[in-house]
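J.: I'd like to go over a predicted model; first the sequence, then the structure.
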Amino acid sequence: MAISLAARRLLDGYAGDPARMTRLGESTAVDVVLRYGSRSDAEALLPVFLDDPEAREGLVPVFARHGDLAVAERLLETCFEAGRLRDGMPPGVLRAIGHLGHESAERVLWEHVESAYQASADACLGLLHLPCRGLRAEIAQALERHVGSHLFPELLPVLATKTGDPSWLGRLVEWGEGAASTDCNGGLILGIALHGQAARTEFTRLLWNPRWEAYGGGTGSDYWAYAGARVLGLGMGELYAELVERLRSDTGSDGKRHCVETFTALLRYWVDRRWLGLRMAPEPDESSEALCELLFAWSSPHEDDSLSGLADHLFDRDDPLLSTLRHLESTLWNGARYELELRTVASR
């Protein structure tokens, strides 16, 4: 299979003047390869990554999404020494190897779980895609050491289901609503969602609970809340219905603001649709047009009862939340037009 135009652009950029490969240009091309690329792209880009791993860290997700066990084995052989990442190797390699299902690398990934933040996070997310049967006791022991702590390896709780002990669902909830810092609760949020349908009620409740600060962009809690919603198959329709119910309740103004902030944070990721790198989190199936109709259409010409209209009644005219919602509405309408353009061209 031939490589994609976007992958060719990356290869040409790396082969030419390094100054011409801007960070924005590289990021855009990588995003297109992630969406529309193939194994051929991963195989073609792997050698140029290995030529300068530190400078070409942005390519690692391509290997996770479009690579195979052979790519994982090559990464394991070249990026590690004595079971540790070589100096200058991006920690995302840990996640990629796990995502590709390289089971024999479980021990190597586990040895990085108590490392610096990014290596720990990537190791946990890599292990999430592996059986971890031989690590069950060690994962349980690590969780026991940290449970109830204020700060801890943030993504460690995503491995709670690997212990085979369903009681961790309640313990993660208690941990998040007790001592855990909101600077460090992203793994708890996703870890709860990973318990599946048994966690659906608790996960939905934490979204609207100010204690969790699930809207937190600086802490990453919003990202993991979005990931958790995807894991559980929660759609925008269900989440929006719950938001409207809360906005029309007798909840105080601070509580309503938190609900709008959380929903807006989730919507931002829904609109962006970046690749999550979680096999257990299916892509959203709502089109931009469907989201426009759901969130921003008026039910009658006499009253704006859309998301923007509801927010207008709650916040001052110059509130930044309103500006964010208007921007998301405009982005969605542009997306809806683009979707229609594609269908029109395809039908000719």
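T.: The structure has been received and is ready for your questions.

J.: quick check: phi and psi on residue 80?
T.: phi -130, psi 150 (degrees, to the nearest 10).

J.: let me see the contact set for it.
T.: Taking C-beta atoms under 8 Å, 6 or more residues apart in numbering as the contact definition, residue 80 lies against 86, 89, 108. Any C-beta I mention is one placed from the backbone N, CA and C, and that applies to glycine too.

J.: the last one reaches residue 83, doesn't it?
T.: Yes. Contact status for residue 108 versus residue 83: in contact at 5.3 Å, counting by C-beta atoms under 8 Å.

J.: more crowded one of the two?
T.: residue 108 (19 against 11; other C-beta atoms under 10 Å).

J.: quick one: contacts for that one?
T.: 76, 80, 83, 97.

J.: what are the ranges of the strands in this structure?
T.: Counting by DSSP state E, one finds strands in the chain at the ranges 80-81, 84-85.

J.: ok, so of the contacts of residue 80, who is nearest residue 144?
T.: Lowest distance from residue 144 to these (C-beta to C-beta) belongs to residue 108, with 23.0 Å.

J.: quick one: the closest one and residue 285, what's the gap?
T.: Distance of residue 108 to residue 285, given as C-beta to C-beta, to the nearest Å: 36 Å.

J.: now do residue 332
T.: Taken as C-beta to C-beta, the span from residue 332 to residue 285 is 15 Å.

J.: those two: who's more crowded?
T.: Using other C-beta under 10 Å, the more surrounded residue of residue 332 and residue 285 is residue 332, with 23 against 8.

J.: the nearest residue to residue 178 once chain neighbours are set aside: how many residues sit nearby?
T.: Counting by C-beta to C-beta, 6 or more residues apart in numbering, residue 148 is the residue found nearest to residue 178 once chain neighbours are left out, at 6.7 Å. With neighbours defined by other C-beta under 10 Å, the count for residue 148 comes to 13.

J.: local confidence estimate at residue 148?
T.: On pLDDT, residue 148 comes in at 95.

J.: wait, what's in contact with residue 311?
T.: Counted by C-beta under 8 Å, 6+ apart, residue 311 has contacts 260, 321, 322, 325.

J.: what separation do you get for the first one and residue 189?
T.: Going back to what we said before, that points to residue 260. For residue 260 relative to residue 189 (C-beta to C-beta), the value is 19 Å.

J.: who has more neighbours out of these two?
T.: residue 189 (29 against 23).

J.: follow-up on the earlier one: could I get the strands of the chain as TSV with distance to residue 237?
T.: Output for those, formatted as TSV (distance: least, C-beta to C-beta, whole Å):
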stretch	distance to residue 237
strand 80-81	45
strand 84-85	42
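
J.: mean neighbour count, those strands: which tops it?
T.: strand 84-85 (a mean of 18; mean count of other C-beta atoms under 10 Å).

J.: quick one: mean pLDDT over that one.
T.: 95.

J.: check what contacts it and list those residues.
T.: 79, 91, 93, 94, 111, 112, 119.

J.: which of the residues you listed lies closest to residue 232?
T.: Using C-beta to C-beta, the contacts of strand 84-85 come closest to residue 232 at residue 94, 25.4 Å.

J.: which residue sits closest to that closest one, ignoring its sequence neighbours?
T.: Distance criterion C-beta to C-beta, 6+ apart; nearest residue to residue 94, sequence neighbours excluded, is residue 122 at 4.2 Å.

J.: can you verify my assumption that that neighbour contacts residue 97?
T.: No. Residue 122 lies out of contact with residue 97 (C-beta under 8 Å); the separation is 9.5 Å.

J.: buried residues in stretch 186-202?
T.: By 16 or more other C-beta atoms under 10 Å, the buried positions in stretch 186-202 come out as 186, 187, 188, 189, 190, 191, 192, 193, 194, 195, 199, 202.

J.: can I get those residues in a markdown table with distance to residue 248 and pLDDT?
T.: Compiled in a markdown table, the buried residues of stretch 186-202 are given as follows (distance: C-beta to C-beta, whole Å; pLDDT from 0 to 100):
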| residue | distance to residue 248 | pLDDT |
| --- | --- | --- |
| 186 | 30 | 97 |
| 187 | 33 | 97 |
| 188 | 30 | 98 |
| 189 | 26 | 98 |
| 190 | 30 | 98 |
| 191 | 32 | 98 |
| 192 | 27 | 98 |
| 193 | 26 | 98 |
| 194 | 32 | 98 |
| 195 | 30 | 98 |
| 199 | 26 | 97 |
| 202 | 23 | 97 |
